[in-house]
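>>> Sequence first, then the predicted structure:
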Amino acid sequence: MKKMMLSILLIVSLIGISGCAESNIGDLKISAGDQEIKSTTLSNTKSDSSSNAEASGFEFSFEQDAVKNIQYLKNGEIITLDFGDSEPDNVSLEDSVLNKSGAYQFSSRETLEVPITKKDGKYSFTIEKHMASSLSSFYEENKKDYRGFSITASWGEKEYRYAFVIQADAN
């Protein structure tokens, strides 16, 4: 009887420990200097996909009063992606220019792949001028663009997509 209870306790403990190890997968903190940047998880499986190819996924930042919380970052500033103790196998990053509603300003074809660097288990990239910012026929001095960043991170078969929005200099 004691062996059976001990076996059950051991099995329950192992299940609990393995469940806790998985719980940190998908956690992401995004920051620029000492500022934390608000993000959202768009999907968490490889099978999740948007049925509308032109839907940006950044609309969450433009709902009601949320737009006033979009942070302005200067070109040249560094953004850090910190996945904590659960380092992904692969990370990719895309950058899009958005309109005032959170939709693509031009089209999803103007989305750029952004090079990222990895150091000490954290990923980072530098905010640079987006080439699509030059497509507008109206020049506006000191213009700022809404920029939507989409992160795809994978841990084996698990894949998470995240999004965040900033304002950055257009010229």
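Cool, the structure landed.

>>> Look at the closest residue to Asp169 other than its chain neighbours and say how many residues are nearby.
Nearest residue to Asp169 in three dimensions, chain neighbours excluded: Asn75, at 5.1 Å (CB to CB, 6 or more residues apart in numbering). (Glycine included, C-beta is placed from N, CA and C.) By other CB atoms under 10 Å, the residues close to Asn75 number 13.

>>> Please apply the same query to the one 3 residues further on.
For Ile78, the neighbour count with other CB under 10 Å is 13.

>>> do you know how far it is from Ala168?
According to CB to CB, to the nearest Å, Ile78 stands 13 Å off from Ala168.

>>> Leaving out chain neighbours, which residue sits closest to Lys143?
Ala170 (4.1 Å).

>>> mean confidence for stretch 160-171?
The average pLDDT for stretch 160-171 rounds to 92.

>>> mind showing which ranges of this protein have poor pLDDT?
Applying pLDDT under 70 to the chain flags residues 1-23, 45-56, 134-139.

>>> how about the strands in it?
For the chain, the strands defined by DSSP state E cover 29-32, 35-37, 39-43, 71-72, 78-82, 90-98, 112-113, 117-119, 122-126, 144-155, 158-169.

>>> Make CSV out of those and add distance to Asp65.
Conversion of those to CSV gives the following (distance: least, CB to CB, whole Å):
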stretch, distance to Asp65
strand 29-32, 21
strand 35-37, 17
strand 39-43, 16
strand 71-72, 15
strand 78-82, 24
strand 90-98, 17
strand 112-113, 29
strand 117-119, 35
strand 122-126, 28
strand 144-155, 15
strand 158-169, 14
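
>>> Ala132: which of these is closest?
Across these, Ala132 has its closest neighbour in strand 90-98 (4.6 Å, CB to CB).
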